[in-house]
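**Student:** Structure, please.
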Amino acid sequence: MSLKTLLMPMITQHRFARSTLLAQRAKAEKARLASGRPHQVYYFHQVDDPYSHLLAQALPRFLARYQVELKPYVVSPPPDSAAPEREKLVAYSRVDAALLAQRHGLSFVDCGQQPAAPRVLQATQSLVAAIESGQFVEQAASVGQWLWGSDEPQLTSGQMDVQTHIAQADALREKLGHYLGGMLYYEGEWYWGIDRLYHLEQRLQALGAQTNGAIALLFPADDGLEHAKPLNNPPDIDFFFSFRSPYSAIVAPRIFELGRRTGAKVNLRFVLPMVMRGLPVPKVKREYIVYDTAREAHVRGISFGRLNDPVGKPTERGLALIPFAEQHSKGQEFVLSYMQGVWAEGIDAGSDKGLRKIVERAGLRWEGAQVALQHEAWRERATANREELFAAGLWGVPSFKVGNTVVWGQDRLWALTLPLCQGF
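**Tutor:** Residues are numbered from 1 along each chain as shown. Model (predicted):
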């Protein structure tokens, strides 16, 4: 066992503990009060990002509820290192944003393409001018409506150089530790779009920053599991996941629960992690994902945070045992045991001792697992799963496919309810 493998669980258990996050928030609040700052929320808006457009529509309601000062900036799209499959990311973001808009009563329709560059430039000029005049919140949604519309007349905006503003905004975003658009930043912590706005709301409410006492959240987390009921002949759910994906780890018990409640079969469509496919993930992205996963896991009551990174050999050994587990009707049990082991208990799945614990508590025999570890057929299956994921227009995990419906993200289980019920 390497020193890194030995120390990582202890370090991460503290680093990603809920108590650590709350202590960091308390320290930040103390510093804010000492400096006399108001509750300042930084907002980084990417003009041609559908998620930014949705959040812009929600900002007036958010600001009406909380005593905060918004500091908006217009930023560039994420760098290539943080968006390795940019064309797929851009296309899927439109589809997903349309789904979110329908769910939450917001406005966005996927017209099948991004706005033309001159149109984006004009909208950018308008929004930068709105920031300088203090009118961003009042104008951002309408500018977005114009940008994403198809037949609206030309937007009225002054001709101005926006490059200086964007360069400074990009530098600030990078300095504070992020890379995406549609991001809110408050006192050391990041919140993405309307999907993570509820974390910021809960934090502000804990500080007593709401304007009218206790109020309901604008976009609360809801998987829709409580509404899932037994169905007649439901279609299968294809669950695309990676053993190195923390989001996959915290959604696995919930997707299996959805399968149990509806009677739908959940197919295990495992893939190799991106970094093991030659697609390195930037450090800033890795760190944000794990911090965000810890918050999401806490809300859903899932153990997470004592990590032992399974990249490389541990992942390969785990994937090699999935067919073995399925042969004994223990596929889900093994996946859950593995995910809990490496993401919540700090188990080294690259060691026989660690993997044996994972195997045996899933109800499997270690002797049989040792034989299965010698087989390589899982590699072809992982490749086929990845190719099918790409064919569906996606590349990241966790993703889910029910009939013709394909969604990406541990926070998208609610989107599977309709296709499950309608059987397509």
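
**Student:** looking at the chain, which helix or strand does the model trust least?
**Tutor:** helix 417-422 (a mean of 83; mean pLDDT, DSSP states H and E).

**Student:** and for that helix, what are the contacting residues?
**Tutor:** 224, 227-228, 231, 234-235, 237, 258, 262, 264, 402-405 (Cβ atoms under 8 Å, 6 or more residues apart in numbering). Just so you know, the C-beta spots here come from the backbone N, C-alpha and C atoms, and that holds for glycine as well.

**Student:** could you redo the last one with a cut-off of 6 Å?
**Tutor:** The contact list for helix 417-422 (Cβ atoms under 6 Å, 6 or more residues apart in numbering) reads 224, 234, 262, 264, 402-403, 405.

**Student:** Save those as a markdown table, and put in secondary structure too.
**Tutor:** Formatted as a markdown table, the contacts of helix 417-422 follow (DSSP: H, G, I helix; E, B strand; the rest coil):
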| residue | secondary structure |
| --- | --- |
| G224 | coil |
| P234 | coil |
| T262 | helix |
| A264 | coil |
| V402 | strand |
| G403 | coil |
| T405 | strand |
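
**Student:** which of those are buried?
**Tutor:** 234, 262, 264, 402, 405 (16 or more other Cβ atoms under 10 Å).

**Student:** Return the residues in contact with the second one.
**Tutor:** Contact analysis of T262 by Cβ under 6 Å, 6+ apart lists 228, 231, 234, 420.

**Student:** Which one of those is nearest to A392?
**Tutor:** Using Cβ to Cβ, L420 comes nearest to A392 of the contacts of T262, at 17.1 Å.

**Student:** now the closest one: how far from L394?
**Tutor:** 19 Å (Cβ to Cβ, to the nearest Å).

**Student:** one step back: of all the buried ones among the contacts of helix 417-422, which two lie farthest apart?
**Tutor:** T262 and T405 (14.0 Å).

**Student:** A221: what's it in contact with?
**Tutor:** A221 touches V299, counting by Cβ under 6 Å, 6+ apart.

**Student:** For the stretch 251-400 of the chain, which segments are assigned as strands?
**Tutor:** Assigned by DSSP state E, counting those that start in this stretch, the stretch 251-400 of the chain shows strands spanning 266-270, 399-402.

**Student:** Please identify the deepest-packed of those strands.
**Tutor:** strand 399-402 (a mean of 24; mean count of other Cβ atoms under 10 Å).

**Student:** mind checking which of the strands of the stretch 251-400 of the chain is nearest T20?
**Tutor:** Nearest of these (Cβ to Cβ): strand 399-402, 30.3 Å.

**Student:** strands paired with that closest one, and their directions?
**Tutor:** According to DSSP bridges, strand 399-402 forms sheet pairs with strand 237-241 (antiparallel), strand 405-408 (antiparallel).

**Student:** what's the spacing between the shortest one and its chain's center?
**Tutor:** This points to strand 405-408. Centroid separation for strand 405-408 versus its chain: 14 Å, with Cα atoms, centre = their mean, to the nearest Å.

**Student:** what's in contact with that strand?
**Tutor:** Taking Cβ under 6 Å, 6+ apart as the rule, strand 405-408 contacts 392, 394, 396, 399-400, 415, 419.

**Student:** among the residues you listed, who's most crowded?
**Tutor:** F400 (27 neighbours; other Cβ atoms under 10 Å).

**Student:** Tell me who's in contact with it.
**Tutor:** Going by Cβ under 6 Å, 6+ apart, F400 touches 407, 416.

**Student:** So in terms of bridging, what pairs with it?
**Tutor:** F239, V407.

**Student:** That one and Y51: what is the separation?
**Tutor:** In terms of Cβ to Cβ, F400 sits 19 Å off from Y51.

**Student:** V120 now?
**Tutor:** Here V120 is placed at a distance of 15 Å from Y51 (Cβ to Cβ).

**Student:** And A31, by the same measure?
**Tutor:** 30 Å.

**Student:** Which one of the two is surrounded by more residues?
**Tutor:** Shown here are A31 and Y51; by other Cβ under 10 Å, Y51 has more neighbours (22 against 12).

**Student:** Give the helix, strand or coil label for that one.
**Tutor:** Reduced to three states by three-state DSSP, Y51 is helix.

**Student:** rewinding a little: in the least confident helix or strand of the chain, what's buried?
**Tutor:** Neighbour count says helix 417-422 has 417, 419-421 buried, by 16+ other Cβ under 10 Å.

**Student:** Alpha carbons only: can I get that helix in PDB?
**Tutor:** Provided in PDB are the C-alpha atoms of helix 417-422 (Å, rounded to 0.1, in the frame of the first residue of the first chain):
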ATOM      1  CA  THR A 417     -40.500   9.500 -14.600                       C
ATOM      2  CA  LEU A 418     -42.500  10.400 -17.700                       C
ATOM      3  CA  PRO A 419     -40.700   8.000 -20.200                       C
ATOM      4  CA  LEU A 420     -41.000   5.200 -17.600                       C
ATOM      5  CA  CYS A 421     -44.700   5.700 -17.200                       C
ATOM      6  CA  GLN A 422     -45.400   6.100 -20.900                       C
END
